[in-house]
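> Give the three-dimensional model of this entry:
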Amino acid sequence: MAAPEVSLNEWVVLALLAEGPSHGFALAKNLEAGTDLGRVLTVRRPLVYRALGRLVDARLAEPHHSEPGVAGPNRTVHRLTRSGRTAVRAWLRRPVEHVRELRIEFLVKLRLARRAGSDTTELVAAQREALADTLARLAALDDDADEVDLWRHHNAVAVQAFLDHIAG
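Here you go, the predicted model:
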């Protein structure tokens, strides 16, 4: 099954729903600055609710039930659909395609996997393989490269060291 076209915010909300049914307010609390996931990707409450709506439209999530809000209206609790569960499992295993995507997407996948108690060995190995040619090419740039190439070179060296370190 091909992965649906969803944003990173939507993937993360879907992955949080994989941890268990939840309502938008609780999901947004998980993505506030300073939280375990918010340290990597901060998503404001309106964007969490927008993500939920798009996930429901894509039939990856569905309303499950309502519960009373603490000081406001009822809250709709959402859960994954079967296709949502399949899609998020595939997304969590899929390496990112570009070095620049490690900073957020790859790190958030690592955090989500660790929250679930999952082994990250396969994801890290897949990521190393997916970027091996790019990292080797960027690491081999010579000293007379321009600023952009030097930036890419240093990022590649850092990414390789990071992946080596977390691979153990």
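
> Where is the longest helix in this protein?
The longest helix of the chain (DSSP state H) is helix 147-167.

> Give the other helices and strands that that one contacts.
Using 3 or more Cβ pairs under 8 Å, 6 or more residues apart in numbering; DSSP states H and E, the elements in contact with helix 147-167 are helix 121-139. Using the backbone N, CA and C atoms, a C-beta is placed for each residue, glycine as well.

> Low-confidence regions, the chain specifically.
Along the chain, segments meeting pLDDT under 70 span 1-4, 69.

> Phi, psi for the residue in it sticking out farthest from the centre please.
Ranked by distance from the centre of the chain (Cα atoms, centre = their mean), the top residue is Asp144, with 35.9 Å. Main-chain torsions, Asp144, degrees, to the nearest 10: phi -90, psi 20.

> And stretch 16-28, end to end?
For stretch 16-28, the first-to-last residue distance is 10 Å (Cα to Cα, to the nearest Å).

> for the protein, what spans make up the strands?
Taking DSSP state E to define them, one finds strands in the chain at 22-23, 61-67, 75-80.

> Outside of stretch 101-120 itself, list whatever touches it.
8, 12, 15-16, 18-19, 36-37, 40-41, 91-92, 95-96, 123, 127, 159, 162, 166 (Cβ atoms under 8 Å, 6 or more residues apart in numbering).

> how does it look with 10 Å?
8, 11-12, 15-16, 18-19, 30-31, 35-41, 88, 91-99, 122-124, 127, 131, 155, 158-159, 162-163, 166-167 (Cβ atoms under 10 Å, 6 or more residues apart in numbering).

> List buried residues within those.
Buried by 16 or more other Cβ atoms under 10 Å: 11-12, 15-16, 18, 30-31, 37-38, 40-41, 88, 91-92, 95-96, 99, 123-124, 127, 131, 155, 159, 163, out of those.

> From those residues, which land in helices?
Checked against DSSP H, the buried ones among the contacts of stretch 101-120 include these in helices: 11-12, 15-16, 18, 30, 88, 91-92, 123-124, 127, 131, 155, 159, 163.

> Widest-spaced pair of the residues you listed?
Ala18 and Asn155 (30.5 Å; Cβ to Cβ).

> Contacts only, for Leu150.
Counting by Cβ under 10 Å, 6+ apart, Leu150 has contacts Leu141, Asp143, Asp144.

> coming back round to it: identify, from the ones in helices among the buried ones among the contacts of stretch 101-120, the entry nearest to Val70.
Closest to Val70, out of all of these and judged by Cβ to Cβ, is Asn30, at 16.6 Å.

> so the closest one touches Val40, yeah?
No: if you go by Cβ atoms under 10 Å, Asn30 and Val40 don't touch, sitting 11.4 Å apart.
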